[in-house]
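> Let's see this in three dimensions:
(one chain, ligands or ions: 1)
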Amino acid sequence: MQLILDSTKIQGYLACPRKYWYQYELGWRHDEPNINLIFGEAWHLGMEVLLKHGYSQDALAYANLILEEKYREHFAEIMDSSYYPKTPGFASEMLSRYVKQYSNDHDEFDVLYTETSGCVSVGHKREVYFKVDSILRGTSGMRKNRYFSLEHKTSTSQHWLPHGLVVQLGTYSHVLYCLYGPDTYGVVVNGAIFQKTKPSLIRLDMPKTPIQMQVWLATVNYWIDLIEREHEFYENEKDNDFDVMHSFPLNPTSCQDYGRICEYYDFCTAWGNPASRRDSIPFGFIVDKWDPRAQKTTHKMNLTETPKAPSREIQRLACDRWKHLENNIWRREYK
Ligand code: SF4
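Presented below is the predicted three-dimensional model:
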(Lines give C-alpha, C1' and ligand atoms only; values in the text may rest on other atoms or scores of the structure.)
Protein backbone atom coordinates (compact mmCIF):
# COMPACT_ATOMS: atom_id res chain seq x y z
CA MET A 1 0.00 0.00 0.00
CA GLN A 2 1.37 3.40 -0.97
CA LEU A 3 0.93 5.95 1.80
CA ILE A 4 -0.33 9.42 0.91
CA LEU A 5 2.38 11.65 2.35
CA ASP A 6 3.19 15.31 2.30
CA SER A 7 5.77 17.43 4.11
CA THR A 8 3.42 18.12 7.02
CA LYS A 9 2.95 14.43 7.68
CA ILE A 10 6.65 13.62 7.32
CA GLN A 11 7.63 16.50 9.60
CA GLY A 12 4.91 15.35 12.02
CA TYR A 13 6.40 11.86 12.11
CA LEU A 14 9.81 13.33 12.89
CA ALA A 15 8.33 15.24 15.83
CA CYS A 16 6.66 12.16 17.32
CA PRO A 17 5.68 8.88 15.61
CA ARG A 18 2.85 8.29 18.13
CA LYS A 19 1.43 11.75 17.52
CA TYR A 20 1.63 11.04 13.78
CA TRP A 21 -0.41 7.89 14.40
CA TYR A 22 -3.11 9.70 16.37
CA GLN A 23 -3.23 12.59 13.98
CA TYR A 24 -2.91 10.95 10.57
CA GLU A 25 -3.56 7.23 10.89
CA LEU A 26 -6.57 7.62 13.21
CA GLY A 27 -7.36 11.21 12.23
CA TRP A 28 -8.34 12.21 15.78
CA ARG A 29 -8.44 15.92 16.42
CA HIS A 30 -10.17 18.28 18.82
CA ASP A 31 -13.70 19.15 17.82
CA GLU A 32 -13.11 22.89 17.65
CA PRO A 33 -11.61 25.19 15.02
CA ASN A 34 -7.88 25.79 15.32
CA ILE A 35 -7.22 29.54 15.37
CA ASN A 36 -3.67 29.15 14.07
CA LEU A 37 -4.73 27.06 11.08
CA ILE A 38 -7.76 29.17 10.19
CA PHE A 39 -5.91 32.44 10.62
CA GLY A 40 -3.03 31.08 8.50
CA GLU A 41 -5.46 30.10 5.74
CA ALA A 42 -7.12 33.52 5.82
CA TRP A 43 -3.73 35.29 5.66
CA HIS A 44 -2.75 33.12 2.68
CA LEU A 45 -5.89 34.21 0.82
CA GLY A 46 -5.02 37.86 1.46
CA MET A 47 -1.45 37.29 0.27
CA GLU A 48 -2.68 35.62 -2.91
CA VAL A 49 -4.81 38.65 -3.76
CA LEU A 50 -1.80 40.96 -3.33
CA LEU A 51 0.42 38.75 -5.47
CA LYS A 52 -2.15 38.51 -8.24
CA HIS A 53 -3.49 42.06 -8.24
CA GLY A 54 -0.59 44.20 -6.99
CA TYR A 55 -0.42 46.50 -3.99
CA SER A 56 -2.96 49.18 -4.95
CA GLN A 57 -5.56 50.43 -2.46
CA ASP A 58 -8.24 48.45 -4.33
CA ALA A 59 -6.21 45.26 -4.09
CA LEU A 60 -5.59 45.91 -0.40
CA ALA A 61 -9.31 46.38 0.25
CA TYR A 62 -10.06 43.17 -1.65
CA ALA A 63 -7.40 41.27 0.32
CA ASN A 64 -8.95 42.49 3.59
CA LEU A 65 -12.39 41.43 2.45
CA ILE A 66 -11.32 37.93 1.41
CA LEU A 67 -9.30 37.46 4.60
CA GLU A 68 -12.15 38.49 6.87
CA GLU A 69 -14.67 36.38 4.96
CA LYS A 70 -12.58 33.24 5.53
CA TYR A 71 -11.98 34.08 9.19
CA ARG A 72 -15.65 34.76 9.94
CA GLU A 73 -16.66 31.35 8.59
CA HIS A 74 -15.23 30.03 11.86
CA PHE A 75 -14.98 32.87 14.40
CA ALA A 76 -17.59 35.50 15.23
CA GLU A 77 -16.59 39.08 16.17
CA ILE A 78 -17.38 38.38 19.80
CA MET A 79 -14.33 36.06 19.88
CA ASP A 80 -11.89 38.72 18.64
CA SER A 81 -10.76 39.81 22.09
CA SER A 82 -9.79 36.19 22.90
CA TYR A 83 -7.81 35.67 19.71
CA TYR A 84 -6.18 39.11 19.39
CA PRO A 85 -3.79 39.78 17.62
CA LYS A 86 -4.84 36.99 15.22
CA THR A 87 -7.97 38.87 14.18
CA PRO A 88 -9.12 40.49 10.91
CA GLY A 89 -8.69 43.99 12.41
CA PHE A 90 -5.04 43.42 13.30
CA ALA A 91 -4.45 41.55 10.04
CA SER A 92 -5.76 44.58 8.15
CA GLU A 93 -3.11 46.78 9.85
CA MET A 94 -0.47 44.18 8.97
CA LEU A 95 -1.56 44.09 5.32
CA SER A 96 -1.27 47.89 5.10
CA ARG A 97 2.19 47.68 6.63
CA TYR A 98 3.04 44.87 4.17
CA VAL A 99 2.22 46.82 0.99
CA LYS A 100 4.28 49.75 2.29
CA GLN A 101 7.28 47.70 3.37
CA TYR A 102 7.37 45.65 0.16
CA SER A 103 6.11 48.31 -2.26
CA ASN A 104 8.77 47.36 -4.88
CA ASP A 105 7.85 43.68 -4.98
CA HIS A 106 6.17 43.70 -8.37
CA ASP A 107 9.29 45.34 -9.89
CA GLU A 108 11.47 42.61 -8.40
CA PHE A 109 9.64 39.49 -9.52
CA ASP A 110 7.04 38.18 -11.96
CA VAL A 111 4.26 36.09 -10.51
CA LEU A 112 3.95 32.81 -12.44
CA TYR A 113 1.67 30.79 -10.14
CA THR A 114 -0.07 31.25 -6.83
CA GLU A 115 -1.45 28.53 -4.51
CA THR A 116 -0.39 25.43 -6.44
CA SER A 117 -0.75 21.86 -5.27
CA GLY A 118 0.08 18.47 -6.71
CA CYS A 119 2.46 15.58 -6.29
CA VAL A 120 6.11 15.21 -7.08
CA SER A 121 8.26 12.14 -7.42
CA VAL A 122 10.96 11.61 -4.78
CA GLY A 123 11.88 8.03 -5.55
CA HIS A 124 10.97 4.90 -7.44
CA LYS A 125 7.17 4.65 -7.26
CA ARG A 126 7.32 7.13 -4.42
CA GLU A 127 5.56 10.49 -4.41
CA VAL A 128 5.11 13.37 -2.02
CA TYR A 129 2.18 15.77 -2.20
CA PHE A 130 2.85 19.48 -1.98
CA LYS A 131 1.31 22.92 -1.93
CA VAL A 132 3.42 25.94 -2.75
CA ASP A 133 2.14 29.43 -2.00
CA SER A 134 3.68 30.99 -5.09
CA ILE A 135 6.15 30.43 -7.91
CA LEU A 136 7.97 33.60 -8.92
CA ARG A 137 10.71 34.59 -11.36
CA GLY A 138 13.14 37.18 -10.08
CA THR A 139 13.68 40.26 -12.25
CA SER A 140 16.40 42.00 -10.25
CA GLY A 141 19.14 41.49 -7.67
CA MET A 142 20.47 38.09 -6.67
CA ARG A 143 17.24 36.37 -7.69
CA LYS A 144 17.27 37.78 -11.23
CA ASN A 145 16.18 35.16 -13.80
CA ARG A 146 15.91 32.58 -11.08
CA TYR A 147 12.82 30.84 -9.80
CA PHE A 148 11.73 30.91 -6.22
CA SER A 149 8.78 30.43 -3.98
CA LEU A 150 7.57 33.08 -1.55
CA GLU A 151 6.06 31.11 1.34
CA HIS A 152 3.75 32.95 3.71
CA LYS A 153 4.08 32.11 7.37
CA THR A 154 2.28 33.68 10.33
CA SER A 155 3.70 33.32 13.80
CA THR A 156 3.71 34.99 17.18
CA SER A 157 7.51 34.82 17.31
CA GLN A 158 10.28 35.20 14.77
CA HIS A 159 11.98 32.22 16.41
CA TRP A 160 9.21 29.90 15.26
CA LEU A 161 9.57 30.65 11.58
CA PRO A 162 10.86 27.60 9.69
CA HIS A 163 14.62 27.18 9.30
CA GLY A 164 16.36 25.97 6.17
CA LEU A 165 16.37 22.26 7.01
CA VAL A 166 12.66 21.67 7.57
CA VAL A 167 11.22 19.10 5.20
CA GLN A 168 8.60 21.47 3.81
CA LEU A 169 11.11 24.04 2.49
CA GLY A 170 13.08 21.26 0.78
CA THR A 171 9.91 20.01 -0.88
CA TYR A 172 9.17 23.46 -2.30
CA SER A 173 12.68 23.68 -3.72
CA HIS A 174 12.40 20.15 -5.09
CA VAL A 175 9.23 21.18 -6.96
CA LEU A 176 11.10 24.17 -8.41
CA TYR A 177 14.10 22.06 -9.42
CA CYS A 178 11.75 19.65 -11.17
CA LEU A 179 10.22 22.56 -13.08
CA TYR A 180 13.21 24.81 -13.75
CA GLY A 181 16.37 22.77 -13.10
CA PRO A 182 19.50 24.82 -12.33
CA ASP A 183 17.64 28.13 -12.67
CA THR A 184 16.07 27.38 -9.31
CA TYR A 185 16.90 29.73 -6.44
CA GLY A 186 14.98 28.20 -3.53
CA VAL A 187 12.49 29.55 -1.03
CA VAL A 188 11.93 32.92 0.60
CA VAL A 189 10.03 32.68 3.88
CA ASN A 190 7.57 35.56 3.98
CA GLY A 191 7.04 35.89 7.72
CA ALA A 192 4.38 37.97 9.46
CA ILE A 193 4.90 38.19 13.20
CA PHE A 194 1.63 38.80 14.97
CA GLN A 195 2.75 40.21 18.29
CA LYS A 196 0.62 42.67 20.27
CA THR A 197 3.45 45.09 21.03
CA LYS A 198 6.08 44.44 18.37
CA PRO A 199 4.43 43.17 15.19
CA SER A 200 6.80 42.85 12.25
CA LEU A 201 7.30 41.51 8.76
CA ILE A 202 10.42 39.58 7.92
CA ARG A 203 11.74 37.73 4.88
CA LEU A 204 14.30 34.96 5.09
CA ASP A 205 16.09 33.73 1.97
CA MET A 206 16.66 29.97 1.89
CA PRO A 207 18.48 29.27 -1.38
CA LYS A 208 19.14 25.58 -2.09
CA THR A 209 22.14 24.22 -3.96
CA PRO A 210 22.03 20.87 -5.81
CA ILE A 211 24.07 19.17 -3.07
CA GLN A 212 21.72 20.51 -0.39
CA MET A 213 18.84 19.09 -2.41
CA GLN A 214 20.62 15.76 -2.61
CA VAL A 215 20.84 15.74 1.18
CA TRP A 216 17.13 16.59 1.39
CA LEU A 217 16.24 13.79 -1.04
CA ALA A 218 18.21 11.21 0.95
CA THR A 219 16.76 12.45 4.24
CA VAL A 220 13.17 12.42 3.03
CA ASN A 221 13.56 8.90 1.67
CA TYR A 222 15.07 7.73 4.93
CA TRP A 223 12.06 9.03 6.86
CA ILE A 224 9.56 7.66 4.36
CA ASP A 225 11.24 4.26 4.72
CA LEU A 226 10.65 4.47 8.47
CA ILE A 227 7.04 5.62 8.15
CA GLU A 228 6.27 2.76 5.76
CA ARG A 229 8.00 0.26 8.03
CA GLU A 230 6.12 1.54 11.07
CA HIS A 231 2.83 1.41 9.20
CA GLU A 232 3.46 -2.20 8.22
CA PHE A 233 4.43 -3.06 11.79
CA TYR A 234 1.21 -1.46 13.04
CA GLU A 235 -0.95 -3.34 10.54
CA ASN A 236 0.52 -6.59 11.87
CA GLU A 237 0.06 -5.80 15.55
CA LYS A 238 -3.13 -3.76 15.69
CA ASP A 239 -5.56 -6.68 16.07
CA ASN A 240 -3.55 -8.45 18.73
CA ASP A 241 -4.47 -7.88 22.33
CA PHE A 242 -1.03 -6.76 23.51
CA ASP A 243 -0.64 -4.72 26.71
CA VAL A 244 1.61 -2.29 24.91
CA MET A 245 1.56 -0.85 21.41
CA HIS A 246 5.02 -1.17 19.88
CA SER A 247 4.62 0.52 16.53
CA PHE A 248 4.73 4.32 16.15
CA PRO A 249 6.76 4.83 19.37
CA LEU A 250 6.46 7.86 21.64
CA ASN A 251 8.87 10.75 21.40
CA PRO A 252 8.46 12.51 24.76
CA THR A 253 10.72 15.41 23.72
CA SER A 254 7.82 16.77 21.64
CA CYS A 255 5.08 16.76 24.30
CA GLN A 256 5.41 20.50 24.99
CA ASP A 257 6.31 21.87 21.58
CA TYR A 258 5.63 25.60 21.15
CA GLY A 259 4.89 25.86 24.87
CA ARG A 260 1.65 23.86 24.56
CA ILE A 261 0.93 20.44 25.92
CA CYS A 262 0.24 17.85 23.21
CA GLU A 263 -3.46 17.13 22.69
CA TYR A 264 -2.78 13.38 23.03
CA TYR A 265 -0.81 13.69 26.27
CA ASP A 266 -3.53 12.15 28.47
CA PHE A 267 -3.82 9.15 26.16
CA CYS A 268 -0.07 8.55 26.13
CA THR A 269 -0.01 8.79 29.92
CA ALA A 270 -2.96 6.52 30.58
CA TRP A 271 -3.03 3.86 27.85
CA GLY A 272 -0.56 1.07 27.19
CA ASN A 273 -2.10 -0.01 23.94
CA PRO A 274 -4.15 2.78 22.33
CA ALA A 275 -4.56 0.64 19.18
CA SER A 276 -7.04 -1.51 21.11
CA ARG A 277 -9.16 1.65 21.66
CA ARG A 278 -8.97 2.98 18.15
CA ASP A 279 -12.69 2.52 17.48
CA SER A 280 -13.79 4.49 20.56
CA ILE A 281 -13.33 8.15 19.73
CA PRO A 282 -12.73 10.08 22.98
CA PHE A 283 -15.16 12.80 24.06
CA GLY A 284 -14.25 16.15 22.53
CA PHE A 285 -12.51 14.57 19.52
CA ILE A 286 -13.69 13.91 15.98
CA VAL A 287 -12.24 11.90 13.12
CA ASP A 288 -10.93 14.21 10.42
CA LYS A 289 -8.18 12.58 8.38
CA TRP A 290 -5.89 14.97 6.59
CA ASP A 291 -5.66 14.21 2.87
CA PRO A 292 -3.34 16.55 0.95
CA ARG A 293 -5.07 15.58 -2.32
CA ALA A 294 -8.27 17.26 -1.16
CA GLN A 295 -6.72 20.74 -0.85
CA LYS A 296 -8.49 23.43 -2.84
CA THR A 297 -5.89 25.45 -4.70
CA THR A 298 -5.77 27.76 -7.70
CA HIS A 299 -3.46 25.48 -9.74
CA LYS A 300 -2.77 21.74 -9.87
CA MET A 301 0.45 20.12 -11.06
CA ASN A 302 1.57 16.57 -11.57
CA LEU A 303 5.36 16.37 -11.31
CA THR A 304 5.77 12.64 -11.18
CA GLU A 305 7.31 12.61 -14.66
CA THR A 306 9.39 15.71 -15.31
CA PRO A 307 12.52 15.91 -17.44
CA LYS A 308 14.29 18.15 -14.96
CA ALA A 309 13.70 15.92 -11.96
CA PRO A 310 16.53 13.63 -10.87
CA SER A 311 16.38 10.59 -13.18
CA ARG A 312 14.17 7.65 -12.35
CA GLU A 313 17.20 5.47 -11.73
CA ILE A 314 18.66 8.03 -9.37
CA GLN A 315 15.38 8.26 -7.49
CA ARG A 316 15.20 4.50 -7.25
CA LEU A 317 18.60 4.50 -5.60
CA ALA A 318 17.71 7.39 -3.32
CA CYS A 319 14.66 5.43 -2.28
CA ASP A 320 16.80 2.72 -0.77
CA ARG A 321 18.83 4.30 1.99
CA TRP A 322 21.37 1.53 2.11
CA LYS A 323 22.23 1.42 -1.55
CA HIS A 324 23.66 4.90 -1.63
CA LEU A 325 26.47 3.66 0.58
CA GLU A 326 27.49 1.22 -2.14
CA ASN A 327 26.83 3.38 -5.15
CA ASN A 328 27.48 7.09 -5.24
CA ILE A 329 26.38 7.73 -8.83
CA TRP A 330 23.11 9.33 -7.80
CA ARG A 331 24.87 11.90 -5.71
CA ARG A 332 26.08 13.68 -8.80
CA GLU A 333 22.72 13.90 -10.46
CA TYR A 334 21.22 16.91 -8.77
CA LYS A 335 22.60 19.58 -11.07
S1 SF4 B 1 2.02 13.31 24.29
FE2 SF4 B 1 4.15 13.28 23.68
S3 SF4 B 1 4.60 11.13 23.22
FE4 SF4 B 1 2.35 11.37 23.26
S5 SF4 B 1 1.77 11.74 21.15
FE6 SF4 B 1 2.06 13.73 22.11
S7 SF4 B 1 4.18 14.27 21.66
FE8 SF4 B 1 3.98 12.07 21.32
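> which is the next helix or strand following the biggest helix by length in the chain?
Counting by DSSP state H, the longest helix found in the chain is helix 210-237. Note on helix 210-237: by DSSP states H and E, the next helix or strand toward the C-terminus is helix 265-270.
> Give me the contacts around the helix or strand that that next one is followed by.
Remark: after helix 265-270, the chain's next helix or strand is strand 285-287, criterion DSSP H and E. With contact meaning CB atoms under 8 Å, 6 or more residues apart in numbering, strand 285-287 is reached by Leu26, Gly27, Trp28, Arg29, His30, Asp31, Ile281. C-beta here means a position set from N, CA and C on the backbone, and glycine is covered the same way.
> Restricted to strands, list the residues you listed.
The strands, defined by DSSP state E, take in Trp28, Arg29, His30 from the contacts of strand 285-287.
> If we ignore the residues flanking it in sequence, what's nearest Arg18?
Nearest residue to Arg18, sequence neighbours excluded (CB to CB, 6 or more residues apart in numbering): Leu250, at 4.6 Å.
> my read: that neighbour touches Cys268, true?
Yes. Using CB atoms under 8 Å, Leu250 makes contact with Cys268 at a distance of 5.8 Å.
> Residues that sit against both of those two, list them.
Arg18.
> gap between the nearest residue to Tyr265 once chain neighbours are set aside and Glu263?
Nearest residue to Tyr265, sequence neighbours excluded (CB to CB, 6+ apart): Cys255, at 5.8 Å. According to CB to CB, to the nearest Å, Cys255 stands 10 Å off from Glu263.
> before we move on, what about Ser117?
Applying CB to CB to Ser117 and Glu263 gives a distance of 26 Å.
> And for Leu37?
13 Å.
> who has more neighbours, these two?
Of the pair Leu37 and Glu263, Glu263 is the one with more neighbours under other CB atoms under 10 Å, namely 15 against 10.
> mind listing what the more buried one touches?
If you count contacts by CB under 8 Å, 6+ apart, Glu263 has them with Arg29, His30.
> Try it again at 6 Å.
By CB atoms under 6 Å, 6 or more residues apart in numbering, the contact list for Glu263 reads His30.
> ok, the residue nearest to Tyr265 - how many residues close by?
16.
> Please apply the same query to Gly284.
Neighbours of Gly284 using other CB under 10 Å come to 10.
> which residue packs closest to it, ignoring adjacent ones?
Using CB to CB, 6+ apart, the nearest residue to Gly284 is Asp31, at 5.8 Å.
> again, but for Phe248
Trp21 (3.9 Å).
> One more: Met94?
Ala192 is the one closest to Met94 (CB to CB, 6+ apart), at 5.7 Å.
> Look up which helix or strand that neighbour falls in, please.
Under the criterion of DSSP H and E, Ala192 resides in strand 184-193.
> Neighbouring strands - and their directions - for that strand?
strand 147-155 (parallel), strand 200-207 (antiparallel) (DSSP bridges).
> How far away from the center of its chain is that strand?
On the basis of CA atoms, centre = their mean, to the nearest Å, strand 184-193 sits 13 Å off its chain's mean C-alpha point.
> before we move on, what about stretch 272-290?
On CA atoms, centre = their mean, the centre of stretch 272-290 falls 24 Å from that of its chain.
> and the end-to-end length of it?
For stretch 272-290, the separation between the terminal residues is 25 Å (CA to CA, to the nearest Å).
> Which of the residues in it are classified as buried?
Neighbour-count burial for stretch 272-290 flags Asn273, Pro274, Ala275, Ser276, Phe285 (criterion: 16 or more other CB atoms under 10 Å).
> So for the ligand, which of the strands paired with strand 184-193 sits nearest?
strand 147-155 (20.2 Å; CB to the nearest ligand atom).
> which residues are in contact with that closest one?
40, 43-44, 47, 132-137, 161, 172, 176, 180, 183-194.
> Give me the buried entries from the residues you listed.
Buried among those (16+ other CB under 10 Å): 40, 43-44, 47, 132-137, 161, 172, 176, 180, 184-194.
> Show me which residues of the chain are close to the ligand?
Counting by CB under 6 Å from any ligand atom, the positions of the chain adjacent to the ligand are 16, 18-19, 22, 250-252, 254-255, 262, 264-265, 268.
> 8 Å instead?
With CB under 8 Å from any ligand atom as the criterion, the chain comes near the ligand at residues 15-19, 21-22, 250-252, 254-255, 257, 261-265, 267-269.
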